[in-house]
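The following block contains a protein sequence and its predicted model.
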Amino acid sequence: MKTYVFRVVVEPDEDRWVAYAPALKDRGGATWGYTREEALENIGQVVQMTVDSMVQHGEAIPSAL
């Protein structure tokens, strides 16, 4: 099993927190939560699902930034 490390950005929005992985943003690597912790938990799941899908489809994983 290979391990990837992706930089994640978490920013407050009007009434929630937005989180995204810049290296995966164009592939849907973004989410949100009502709290910072919820946004971090959600982006962890989104990154995992995105990378799993890319591996299944034989796509190159972008450089972890």
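Sure, I can see it.

what's the spacing between Gly28 and Asp13?
18 Å (CB to CB, to the nearest Å). C-betas here are computed from N, CA, C, even on glycine.

Compare neighbour counts for those two and give me the winner.
Gly28 (13 against 9; other CB atoms under 10 Å).

Is that one in contact with Thr50, as I believe?
Yes. Look at Gly28 against Thr50 with CB atoms under 8 Å: they come within range, at 6.2 Å.

What helix or strand is Glu37 located in?
helix 36-56 (DSSP states H and E).

just checking, what packs against that helix?
Other elements packing on helix 36-56 under the criterion 3 or more CB pairs under 8 Å, 6 or more residues apart in numbering; DSSP states H and E are strand 9-12, strand 17-20, strand 30-33.

Now it: buried residues?
Within helix 36-56, the residues that count as buried by 16 or more other CB atoms under 10 Å are Ala39, Asn42, Ile43, Val46, Val47, Thr50, Val51.

Ala19 contacts Glu38, doesn't it?
No. Contact criterion CB under 8 Å: Ala19 and Glu38 do not qualify, at 9.1 Å.

And the buried residues of helix 36-56, which is closest to Tyr4?
Val51 (6.2 Å; CB to CB).
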